[in-house]
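Asks: give me the fold of what follows.
(chains A and B)
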Amino acid sequence: MISIDKQQNAVQASPTLSGLSFSLDLSVLELADNQPDPQILYDLLVIGAGPAGINAAIYARRKGLTAAVIGRTVGGQVKETNIVENYLGIESITGTELTAKFQSHLQAYDVPLLRGRTVTAIRREGEDFVLDLDDHSHFKSRTVLIATGAGPRQLGVPGEKEFRHKGVTYCAICDGPLFSGQDIIVVGGGNTAVESTIDLARSVRNITLVHRSVFRAEKILQDRLAQLDNVEIKLGYVVEEIKGDNRVTEVVIRHLESDRLEIVPASGVLIEIGNKPASAPFQDLVDCNQWHEIIVDANQATNVPGIFAAGDVTSVRQKQIIIAAAAGANAGLAINEYLNQHPSTRRKQ
Amino acid sequence: MAIFSEEIRRQISELFAHITEPVHIETFDESEDTDMVNFITELSSISDQIVFEYYAPDSARARELEIVRIPGLNLTRADKQDLGVRFSGIPAGHEINSLIAALLELGNVGTQIPKELVTRITAIPGPLDIKVFVTLQCPHCPGAVLKAHKLAMLNPNITAEMVEAQSFPELSTEYDVSAVPKTVFSNGAELLGDLPFENFLAAAEGKL
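Replies: Alright, predicted model coming up:
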């Protein structure tokens, strides 16, 4: 006799069909991608398939350049964003839907796209560049745009590493449902932390929002946060340690002014304290600032002729989807000018 | 009331238009009037190539396939041979993408896997059971599910099951799921995240 495990509705509310979006994600479906050709010497190879990289490739194609995109995930951080409400012309859209629009736009220009790969190095070969990938393949180009974006910044406190995936998470929309009905802590004071708190407050029991200073989040978000009765806000506090046995059970926080320690029981810790640039493979090649962001000029050019950078991996102060997309456009146009000014590196028609 | 908006229905219809071989969605649930049954019925109405079939939890087919979690799905081609492509819990939200990807793959619209990888996949002795724990809001999860399903489709000794973590909390607790996608292999390997296909293959081969 086989015992049947039925969908359970106790404790955690099982998902139902109502209220779930069914946005199709072309980036998941992997439908017959037009893939880059290792035999071709491209005018531009873009590393990174977020808004900066995709827009740069579109602008480059419109200028008649041969371009291809190599990236780990299409959409980058946009894909992990629940709702986007500040992209000009679109009042509200899910991150997945916006990603699908970006990819569809890229496909309209027949730009080859290689997903699930990481570029491990950029090498110079004569006047051109060779990109080495993690699967040991290589692609050649006359110019390169680094648009690798950024990944979650870590707190660097005891317990954070040990309890990663055991209660410590950096992806609210992925893991948030697993904390349904439980008490959690959210760390951070920017838009992402506050948006995630507002979103998670609907399904978790209580949230303690911990931030070291004052909120940086937009006022519209702070106003929404203030209306929630299951969120306790702890400003002027830092996380000292994350504790537990197999999983997180409590978090030690410290009040900066008084140095007083407090213990907050929690089964989840969502860390949203900003991002660190994904510049590691390129730090010995191009100049970076003290935060390892790639330094670019007004044309998105790095200190190495022929290598450009755009989006969250760069020293641009504001990290926003629309700003990354605009930087990509700027890069696409600047790279076209660069190739016009360097005829020896211009593609032979 | 329709589950899919007109726009989503149109998009799915365009994708299904490429399917050249019928795909059967064997649906296991307590009755024929459930969210899962309504969902699959509506999905299958979009294309003649998608065939909906209902089975009770105590049906001969459920026993034959050893279906232990409902609601659940098993996908086959017309020959009804068990390919080990399973879904436990409703593949709604983001998981509609892994369901559509599996339907397309079985309907001959899939992506080509390099020959050397196919050789490695078919050489896995098995039996191997793969469970991919997901949440429906997770944008990275369908990528992990479709990789596990691809392994199952190419090797009759492999079964790959999407498990919607919230619907099966006891199983999720048993496998200590507190982040998704979490992929658990019966050979002891575990993967966290939507990692490259090479990682899934290495885990299936027991090389992790």
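
Asks: surely A:P112 and A:P36 touch.
Replies: Yes: here A:P112 reaches A:P36: they are 4.1 Å apart, a contact under Cβ atoms under 8 Å. For the C-beta atoms, the positions are set from N, CA and C on the backbone; glycine is no exception.

Asks: could you tell me which residues touch both of the two?
Replies: A:68-69 (Cβ atoms under 8 Å, 6 or more residues apart in numbering or on different chains).

Asks: the two: who's more crowded?
Replies: Under the criterion of other Cβ atoms under 10 Å in any protein chain shown, the comparison of A:P112 against A:P36 puts A:P36 first, with 24 against 20.

Asks: three-state assignment of the nearest residue to that one once chain neighbours are set aside?
Replies: Distance criterion Cβ to Cβ, 6 or more residues apart in numbering or on different chains; nearest residue to A:P36, sequence neighbours excluded, is A:A68 at 3.7 Å. Of the three states, A:A68 takes strand according to DSSP: H, G, I helix; E, B strand; the rest coil.

Asks: in a strand, B:V132, correct?
Replies: Yes: according to three-state DSSP, B:V132 belongs to a strand.

Asks: show me what contacts it?
Replies: By Cβ under 8 Å, 6+ apart, the residues touching B:V132 are B:141, B:144-145, B:148, B:160-163, B:181-184.

Asks: and the pLDDT for it?
Replies: The model reports B:V132 with a pLDDT of 98.

Asks: can you tell me how far it is from A:I253?
Replies: The spacing between B:V132 and A:I253, counted by Cβ to Cβ, to the nearest Å, is 35 Å.

Asks: where does the chain dip in pLDDT?
Replies: Picking chain A for this. A:1-4, A:6-33, A:344-349 (pLDDT under 70).

Asks: could you do chain B instead?
Replies: Along chain B, segments meeting pLDDT under 70 span B:1, B:110-112.

Asks: in it, which spans are helices?
Replies: Here chain B has its helices, by DSSP state H, at B:6-16, B:35-44, B:60-65, B:96-106, B:115-122, B:141-154, B:169-174, B:197-204.

Asks: so what secondary structure elements neighbour the third one?
Replies: With contacts defined as 3 or more Cβ pairs under 8 Å, 6 or more residues apart in numbering or on different chains; DSSP states H and E, the packing partners of helix B:60-65 are strand B:23-28.

Asks: figure out the helix or strand that A:D199 lives in.
Replies: Using DSSP states H and E, A:D199 maps to helix A:191-200.

Asks: that helix near chain B at all?
Replies: No: if you take Cβ under 8 Å from any Cβ of the partner chain as the test, helix A:191-200 misses chain B, and the best it gets is 9.4 Å.

Asks: return the set of buried residues in that helix.
Replies: Under the neighbour-count criterion of 16 or more other Cβ atoms under 10 Å in any protein chain shown, helix A:191-200 has A:191-200 buried.

Asks: out of those residues, which comes closest to B:V37?
Replies: Checking the buried residues of helix A:191-200 against B:V37 with Cβ to Cβ, the nearest one is A:D199 at 30.2 Å.

Asks: that closest one and A:Y237, how far apart?
Replies: Between A:D199 and A:Y237 the computed distance is 22 Å (Cβ to Cβ).

Asks: I'd say A:G159 and A:G244 touch.
Replies: Yes: using Cβ under 8 Å, A:G159 is in contact with A:G244, at 7.3 Å.

Asks: looking at those two, which is more packed in?
Replies: A:G159 (22 against 18).

Asks: quick one: neighbours of the closest residue to the more buried one other than its chain neighbours, just the number.
Replies: Excluding the flanking residues, the one nearest A:G159 by Cβ to Cβ, 6+ apart is A:I242, at 3.2 Å. Residues lying near A:I242 (other Cβ under 10 Å) number 27.
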